[in-house]
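S.K.: predicted coordinates and the sequence they were generated for:
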2 protein chains.
Amino acid sequence: MSASPSATVTSVPPAQLAAWRAFLEAHAHTMELLARELRDEEDLPLAFYDVLVQLHEADGHRLRMQELAERVLLSKSGLTRLIDRMERQHLVHRTACPSDRRGTFAELTPQGLETLRRTAPTHLRGVREHFAALVSDEEAELLATVLGRVATAAQEAASAR
Amino acid sequence: MSASPSATVTSVPPAQLAAWRAFLEAHAHTMELLARELRDEEDLPLAFYDVLVQLHEADGHRLRMQELAERVLLSKSGLTRLIDRMERQHLVHRTACPSDRRGTFAELTPQGLETLRRTAPTHLRGVREHFAALVSDEEAELLATVLGRVATAAQEAASAR
DNA sequence: GCGAGACAGTTGCGCACGCAACCCTTTCTG
DNA sequence: CAGAAAGGGTTGCGTGCGCAACTGTCTCGC
């Protein structure tokens, strides 16, 4: 037995496997859809939007690069380039950190805030339409619990290596 | 990725918003982890693995490019390059389709099959450890239902544009 | 049967990302 | 209070992806 690679001892139970595949498909398709809607209708990359939101939610509309990278789920270098591009369009700007001269803040500009205000309805409509509307309150709570558990575990496993 | 800059009309209910954020974080962190494990331990890109699995599951261990692109959640051009790279490493090879001269099959090579056999345990252990083990059977069934619903809707919305 | 689309796959191009090496600053340690 | 180690951010480099335009093939209406 165990001729097929998926029939090895270390296999995944069917219910969990189905969940895993649905998880991957849901992510790929919704993200593609949301990214395209935002790009086509507002000419804004989804990554830009994410940065704008995170900065808007932060104290003083600014965050350290490190902290921001974690919040937008990007590597340090990835965020450096992303902020480069956004700075070129005057959506954010860099500020030196007075208390730690290694540090840099990324800060929302008025134009960045304006852009967020303009584009938020499109994105939020997308999230509502393509996700929230398809999930009941009970389902949403369970999703948050289970996926939060998965997220936390993966995060810890990644940092503990 | 989400949350409103202020309370706009088109906002997302809190439970669904929490689910959405957990969904994004879970995906980012687990994928990063699984990709790194496969790369570090087996020196295989996750995208390669995905292709190997899809071809292995297919009739005759081969699929049309189009069909394969859909299964591995990639654009046509993305798949072309991916198969280019895999062909260079002799994991797959292209075959002309006799009945439709526009068509091309990507087919698993013996070496591709061998690679799949070698690497599957690592990946499956990762999926079990970082996902399946954290989700009960009931939770898995609900995840599959809800996320499958979301995936299907997004897919239809994308194709119907 | 022939011309207009539709369809399958590839290619040019630009964008975006991660890794590892690097510089500068801070903190720890003896 | 030196020197080593750790931390914050950027840069060089290679990889990987999507979009749009293109080539070659098929299909359908007339």
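M.R.: In hand now; what should we look at? Small disclaimer: the values here were computed from a predicted structure and weren't measured.
S.K.: residue of chain A closest to DNA strand C, please.
M.R.: With CB to the nearest atom of the strand as the measure, A:G78 is the residue of chain A nearest to DNA strand C, at 2.5 Å. All C-beta atoms are positioned from the backbone trio N, CA, C, and that covers glycine.
S.K.: off-centre distance for the longest helix anywhere in chain A?
M.R.: Using DSSP state H, we find that the single longest helix of chain A is helix A:14-42. Remark: helix A:14-42 is offset 13 Å from the chain centroid, using CA atoms, centre = their mean, to the nearest Å.
S.K.: okay, the angle between it and helix B:14-42?
M.R.: Interaxial angle, helix A:14-42 versus helix B:14-42 (axes from the mean of the first three to the mean of the last three CA atoms, to 10 degrees): 110 degrees.
S.K.: what residues does chain A put near DNA strand C?
M.R.: Residues of chain A lying near DNA strand C by CB under 7 Å from any atom of the strand: A:45, A:47, A:74-78, A:81-82, A:85, A:100-102.
S.K.: one more time with 6 Å
M.R.: A:45, A:47, A:74-75, A:77-78, A:81-82, A:85, A:100-102 (CB under 6 Å from any atom of the strand).
S.K.: which of the residues you listed tops the neighbour count?
M.R.: A:L82 (21 neighbours; other CB atoms under 10 Å in any protein chain shown).
S.K.: beyond the helix or strand encompassing that one, next helix or strand please.
M.R.: Secondary structure from DSSP states H and E places A:L82 in helix A:76-88. Downstream of helix A:76-88, the first helix or strand assigned by DSSP H and E is strand A:92-96.
S.K.: so for that next one, mean pLDDT?
M.R.: The average pLDDT for strand A:92-96 rounds to 94.
S.K.: contacts for it next, please.
M.R.: Applying CB atoms under 8 Å, 6 or more residues apart in numbering or on different chains, the contact partners of strand A:92-96 are A:51-52, A:55, A:62, A:83, A:86-87, A:103-109, A:112.
S.K.: tell me what the longest helix of chain A is packed against?
M.R.: Judged by 3 or more CB pairs under 8 Å, 6 or more residues apart in numbering or on different chains; DSSP states H and E, helix A:14-42 is in contact with helix A:46-57, helix A:110-130, helix B:14-42, helix B:110-130, helix B:137-159.
S.K.: near DNA strand D, which residues of chain A are found?
M.R.: A:36, A:64-66, A:76-77, A:80, A:94, A:102-104.
S.K.: how about 10 Å then?
M.R.: Within reach of DNA strand D by CB under 10 Å from any atom of the strand, chain A has these residues: A:28, A:31-33, A:35-36, A:39-40, A:63-70, A:75-84, A:87, A:94, A:96-97, A:100-106.
S.K.: so who does the spatially most central residue of chain A touch?
M.R.: By CA atoms, centre = their mean, chain A has its centre lying nearest to A:V72, at 4.9 Å. Contacts for A:V72 (CB under 8 Å, 6+ apart) come out as A:47, A:50-51, A:54, A:79, A:82, B:1.
S.K.: shaky segments in chain A?
M.R.: Under the criterion pLDDT under 70, the flagged ranges of chain A are A:1-10, A:160-161.
S.K.: ramachandran angles for A:T109?
M.R.: Torsion angles at A:T109 (phi, psi; degrees, to the nearest 10) stand at phi -90, psi 160.
S.K.: I'd like to know how many residues surround it.
M.R.: A:T109 has 17 nearby residues by other CB under 10 Å.
S.K.: for A:L91, see how far away it is.
M.R.: Between A:T109 and A:L91 the distance is 6 Å, computed by CB to CB, to the nearest Å.
S.K.: quick one: which of the contacts of strand A:92-96 is nearest B:A133?
M.R.: Closest to B:A133 out of the contacts of strand A:92-96 is A:V51 (33.7 Å), distances taken as CB to CB.
S.K.: this completes my enquiry, with thanks.
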